[in-house]
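In: Prediction below, plus the sequence it came from.
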Amino acid sequence: QLQLVESGGGLVQPGGSLRLSCAASGFTLDYYAIGWFRQAPGKEREGVSCISSSGGSTNNANSVKGRFTISRDNAKNMVFLQMNSLKPEDTAVYYCAAASVAVVANCWDPDQFDYWGQGTQVTVSS
């Protein structure tokens, strides 16, 4: 069974950091581009960051540039999202998603992705 599982979410104060992990089971991530999305209450799902299958190409949304970094370790079958300088507006459920291509044509389009995790809650509050 193909599955993605996110972890690492939690409650953090503004200015703090979290590192989200996305682990795959049932398939190898080597051939999949990966995206991170988030969804806040009452808002649409928003693309945050994406990475090519090799890790050689990354893209970040303007709202997180300079603060979030996506990376992957194909040997461990995992993808990460390092989030620094967190703001209250970063509060959302964060999802990782896998696309069956090396490079996604549009990182911000959820329809480009084939497999999704269940999400992990990130809350930024003092």
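Out: Structure's in. What do you need?
In: going forward, measure contacts between C-alpha atoms and count neighbours the same way
Out: OK.
In: wait, what's in contact with F68?
Out: S49, N60, L81, Q82, M83, N84 (Cα atoms under 8 Å, 6 or more residues apart in numbering).
In: Next, give phi and psi for D30.
Out: Backbone torsions of D30, given as degrees, to the nearest 10, read phi -50, psi -30.
In: In contact with it, which residues?
Out: S53, S54, N74, N77.
In: In this structure, what residue spans correspond to strands?
Out: For the chain, the strands defined by DSSP state E cover 3-7, 10-12, 18-25, 33-39, 46-51, 58-60, 68-73, 78-83, 92-99, 115-116, 120-124.
In: With respect to W108, which of those strands lies nearest?
Out: strand 46-51 (4.5 Å; Cα to Cα).
In: Kindly format the C-alpha coordinates of the closest one as CSV.
Out: Taking Å, rounded to 0.1, in the frame of the first residue of the first chain, the C-alpha atoms of strand 46-51 are listed here in CSV:
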residue,chain,number,x,y,z
GLU,A,46,-1.7,26.4,-0.7
GLY,A,47,1.5,25.1,-2.3
VAL,A,48,4.5,25.9,-0.1
SER,A,49,7.5,24.2,-1.5
CYS,A,50,8.5,21.5,-4.0
ILE,A,51,11.5,19.5,-5.0
